[in-house]
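Student: Based on what follows, work out the 3D shape:
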Amino acid sequence: MFDHKKINWTKRGLVIKPDLRLDWAKSHCMVPTPMMLENGLVKVFFSARDVDNRSSIGWAILDLNSNGKLIEYSTDAVLTPGELGCFDDNGVSPSCIREIDNKLYLYYIGWNPGSTVRVHLFGGLAISEDNGKTFQRWSKAPIIERCPTDPYLNTAPWVVKTEDEFRMYYVSGCGWKHKDLPRYNIKIATSNDGRVWNRDGHVCIDFKDSNENALARPYVLFEDEIWKMWFSHKGETYRFGYAESENGIIWERRDEFSGLNVSRSGWDSEMIEYAAVINHKGQHFMFYNGNNYGEHGIGLAIEE
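Tutor: The predicted structure is shown next:
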C-alpha cells in the first residue's frame, strides 16, 4: 500500500533523568510527550515518581540543535495526583499535549489501584490558560470511562485534529488473563470539541498473535500525506511497533519499520517503549523509555 521508508536512528543516550532533589521526581521519567517551542527548543512533558511511587507530571526543555541538550527542568509538577477516590488518585502521566482554542490541552493517564485486578487506567484532561505554567482538570472524571464498547481500561489518549473533527487514538482493554495481566489494543474515538468523545469500538491496531498482550501508547503523525503511528507491543517485554494509514482509520501494521530496538547493554537493553517522534527541519527525533518503564529516564534517538 505504501512506499515505506525506514528511518535510521542514532541513539544519543539519556537526555532527561529523575532529579533526586525534587520530591515529585525521585525515580522514573515516563511517557515523554513533546511540544515544539521556537528555535529548535522542545518542551517534553513526562511523569516522575515520588517516594511512595505516585506519579506527577513535570517537564524539561531541550535544544534539538544541540543533540537534545537539557536547558531547563521544572522544579514543581504541573499536575499531581487527583482527589482520593477519583480515577487518578494514585498518579498521573502525560499522553498528549495540544493547542486548542488558544489553550493547552493536556491529555493524561490516571492511575488508580485495583482490588480484583492490579490497576485501573483511564484517560483524563487538564487545560492550561497560561501557556503551560499551570493546568486545571477539565473534569474530575475521566474523558474516556468504561462504556459498552470499552468495558475495561481506557487510557493513553493521543489526539489529532483533522479538517472536520478531533480524533483520539487510545488504549482499550479487552480482558484480563489474570489479576496482574491485562490485554489491550488500540482504538479510535471522535469529538467535535476535544473534550466529549464518541466511541464505536473500531480497532485500529490489533494483536498479531495470541502471545501479544499489550499495544500501548499510540503516537500518530500525519506527514508526506500518510498517517504514521508508533506504538509499543508486548509479549514478555515491550518493543516498538509501527503502522501506516491512508485515512487514519484503517491501518497497515508494519513493525519492521519502527526503526529502533533494544541495546546490547545499559538502560534500554531489556525493553524499549513509549516512543514520541517529532520532525524538526526535516529531521526526526524520537524520545523514548527503556528498562522498567522509564526507571532511568528518557532517551533520545536522532535520524541519521
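
Student: List the buried residues for stretch 246-262?
Tutor: Going by neighbour count (16 or more other Cβ atoms under 10 Å), the buried part of stretch 246-262 is Gly248, Trp251, Arg253, Phe257, Ser258, Gly259, Leu260, Val262. All C-beta atoms are positioned from the backbone trio N, CA, C, and that covers glycine.

Student: and which of those residues is nearest to Arg54?
Tutor: Minimum separation from Arg54 among the buried residues of stretch 246-262 (Cβ to Cβ) is found for Val262, which lies at 28.1 Å.

Student: part of a strand, is that closest one?
Tutor: No - counting by DSSP: H, G, I helix; E, B strand; the rest coil, Val262 is located in no strand; its state is coil.

Student: for it, what are its contacts?
Tutor: Residues near Val262 by Cβ atoms under 8 Å, 6 or more residues apart in numbering: Arg239, Asp268, Ser269, Glu270, Met271, Ile272, Gly290.

Student: Show me the two of those that sit farthest apart.
Tutor: Applying Cβ to Cβ across these, the maximum distance is between Arg239 and Ser269, 12.4 Å.

Student: okay, the two: which has more neighbours?
Tutor: With neighbours defined as other Cβ atoms under 10 Å, Arg239 and Ser269 compare such that Arg239 has more, 17 against 12.

Student: wait, doesn't Lys6 sit right on Phe257?
Tutor: Yes - judged on Cβ atoms under 8 Å, Lys6 makes contact with Phe257 at a distance of 5.0 Å.

Student: Buried only: go through the contacts of Val262 for me.
Tutor: For these, a burial check counting by 16+ other Cβ under 10 Å picks out Arg239, Asp268, Met271, Ile272, Gly290.

Student: Let me know the distance separating the first one from Glu72.
Tutor: Here Arg239 is placed at a distance of 32 Å from Glu72 (Cβ to Cβ, to the nearest Å).

Student: which residues does the residue nearest the centre of the chain contact?
Tutor: A centroid search over the chain (Cα atoms, centre = their mean) returns Ser95, at 4.0 Å, as the residue closest to the centre. Shown in contact with Ser95 (Cβ under 8 Å, 6+ apart): Val31, Thr33, Tyr107, Tyr108, Ile109, Gly123, Thr155, Ala156, Pro157, Trp158, Arg217.

Student: State whether it is indeed within a helix.
Tutor: No - residue assignment for Ser95, taken from three-state DSSP, gives strand, which places it outside any helix.

Student: when you give positions from now on, start the count at 57
Tutor: Will do, 57 is the new start, and the previous item becomes Ser151.

Student: pLDDT value on it, please?
Tutor: Ser151 is assigned a predicted lDDT (pLDDT) of 98.

Student: can you pull the buried residues of the longest strand along the chain?
Tutor: Assignment by DSSP state E gives strand 222-234 as the longest strand of the chain. The neighbour-count criterion (16+ other Cβ under 10 Å) identifies Phe222, Arg223, Met224, Tyr225, Tyr226, Val227, Ser228, Gly229, Cys230, Trp232 as the buried residues of strand 222-234.
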